[in-house]
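>>> Provided below are the primary sequence and the corresponding predicted coordinates.
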Amino acid sequence: MIRLQNVCFNYDRDRTLTDISFHINKGEFAAIIGANGAGKSTLCRLLNGLLKPSSGSVEINGLDTGHTKSSVLARQIGFLFQNPDRQICRNTVAEEILFGLELLYKDREFIAERLEKVLSMFGFSAEDNPFNLSRGERQRLALASLIAVEPEILILDEPTTGLDYKECIEIMEIVREMNKKGTTVIMVCHDMEVVLDYAERVLVLSGGKLIADGETRSVFCMNDVLEQASLIPPQMASLAGRLGSGFEDVFTVEEMTELILEKSNEKRRVEV
Ligand SMILES: Nc1ncnc2c1ncn2[C@@H]1O[C@H](COP(=O)(O)OP(=O)(O)O)[C@@H](O)[C@H]1O
Ligand SMILES: [Mg+2]
């Protein structure tokens, strides 16, 4: 579905991305992680065709982004900017959601149906002014506008930065729901707990290079990779790592609680 082959990219003389190759299948939920300046946002812009590779190729559903119009790619890919205010440009919630729909579709009835569907899914009032909404609500509105056109691929550049815990979960649960329905999701995220909870695959960027690509839990066990990318693993994973033998498969609070209860029950049984 998405295939990068030996992609290099430079904005000017300095190389921003070096020799990146990977393949993402339909329906995957992948996270891109790495320190600030590692090239994550640049990679997102290459994935949605806003930027073209300096060398190598990016293919979306078999279309080479170097030779495909952005408008054609826009039908397949929804791109959420880190800052919703770069996305929101209309005076009411309904107009904002209609903006993308009307660019892609002509059928009035179909458009009206989609608008109603998304308004009720997100619980928005059509006539609200987007700029009276909270930051979290504006992020939800930006996401609602993307979801209205039902893209096959969602690319999210730090969708939860600046949101509180509840707002973060609201956004992520909608994304999870879309993924369950078959949407391919690629998300840049700084919060390793969110990555662990939602992404099944992780790509690690460091200095413009892809230094790891694998199943989320196995990447969080690669201490050298995390160190090189200046990333701190989720707290439970790091505690489990320190506890060592017997705790290898522990990544979440629930798993830690379960294992400790199990161990203390065993101990009690032995004592009795
Ligand atoms: N529009 C631009 N022009 C020139 N250099 C840029 C531009 N955008 C980003 N860069 C540089 O490219 C590198 C990667 O940036 P970016 O992709 O934004 O990283 P990240 O999203 O991982 O923080 C940084 O060194 C940054 O300064
Ligand atoms: Mg960025």
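Great, that's in hand. Ligands and ions are numbered 1, 2, ... in the order given.
>>> which residues in the stretch 51-200 of the chain form helices?
For the stretch 51-200 of the chain, the helices defined by DSSP state H, counting those that start in this stretch occupy 70-76, 93-104, 108-122, 135-148, 165-180, 192-198.
>>> and the longest one, what does it pack onto?
I take that to be helix 165-180. If you count contacts as 3 or more C-beta pairs under 8 Å, 6 or more residues apart in numbering; DSSP states H and E, helix 165-180 packs onto helix 135-148, strand 153-157, strand 184-188, helix 192-198. Every residue, glycine included, has its C-beta placed from N, CA and C.
>>> in a strand, that's where Asp213 is, yeah?
Yes: per DSSP: H, G, I helix; E, B strand; the rest coil, Asp213 lies within a strand segment.
>>> in the stretch 1-150 of the chain, what residue is nearest ligand 2?
Nearest residue of the stretch 1-150 of the chain to ligand 2, counting by C-beta to the ion: Ser41, 3.2 Å away.
>>> In what element of secondary structure is that residue found?
Using DSSP states H and E, Ser41 maps to helix 40-47.
>>> ok and that helix relative to strand 184-188, angle-wise?
Relative orientation of helix 40-47 versus strand 184-188 (axes from the mean of the first three to the mean of the last three C-alpha atoms, to 10 degrees): 150 degrees.
>>> show me what contacts Gly66?
By C-beta atoms under 8 Å, 6 or more residues apart in numbering, the contact set of Gly66 is Lys52, Pro53, Ser57, Val58.
>>> follow-up on the earlier one: wait, the residue of the stretch 1-150 of the chain closest to ligand 2 touches Val188, no?
Yes: with contact defined as C-beta atoms under 8 Å, Ser41 and Val188 form a contacting pair (6.9 Å).
>>> Which one's more surrounded, those two?
More crowded of Ser41 and Val188, by other C-beta atoms under 10 Å: Val188, with 24 against 18.
>>> Can you tell me how far the nearest residue to Asp64 once chain neighbours are set aside is from Ile111?
Closest residue to Asp64 apart from its sequence neighbours, by C-beta to C-beta, 6 or more residues apart in numbering: Ser57 at 5.6 Å. Separation of Ser57 from Ile111 (C-beta to C-beta, to the nearest Å): 35 Å.
>>> what's around Pro159, how many residues?
Pro159 is flanked by 26 other residues according to other C-beta under 10 Å.
>>> Which residue, other than its chain neighbours, is closest to the residue nearest in space to the middle of the chain?
Among the residues of the chain, the one closest to the centroid is Met187, at 1.5 Å (C-alpha atoms, centre = their mean). With C-beta to C-beta, 6+ apart as the criterion, Met187 has its nearest non-adjacent residue at 4.3 Å, and that residue is Leu156.
>>> got a list of what Asp128 touches?
Asp128 makes contacts with Thr92, Val93, as judged by C-beta under 8 Å, 6+ apart.
>>> Can you give me the pLDDT of Arg201?
As predicted, Arg201 sits at a pLDDT of 98.
>>> What of the one 10 residues further on?
The score at Ile211 is 98. That number is its pLDDT.
>>> ok, now which ones touch it?
By C-beta under 8 Å, 6+ apart, Ile211 lies in contact with Val204, Leu205, Val225, Gln228, Ala229.
>>> Per-residue pLDDT of the second one, please?
The reference is to Leu205. 98.
>>> ok, how many other residues are close to it?
Other residues lying near Leu205 total 24 when counted by other C-beta under 10 Å.
>>> Helix, strand or coil: sort out it for me.
Following three-state DSSP, Leu205 is assigned to strand.
>>> Give me the nearest residue to it, chain neighbours excluded.
Nearest non-adjacent residue to Leu205, counting by C-beta to C-beta, 6+ apart: Gly34, 3.7 Å away.
>>> Next one: the one you found relative to ligand 1, how far apart?
6 Å (C-beta to the nearest ligand atom, to the nearest Å).
>>> do Met192 as well
Applying C-beta to the nearest ligand atom to Met192 and ligand 1 gives a distance of 15 Å.
>>> That residue against Ser238, yeah?
No: in this structure, Met192 is not within contact of Ser238 by C-beta under 8 Å, at 9.6 Å.
>>> shared neighbours of those two, anything?
Contacts common to Met192 and Ser238, judged by C-beta under 8 Å, 6+ apart, are Ile232.
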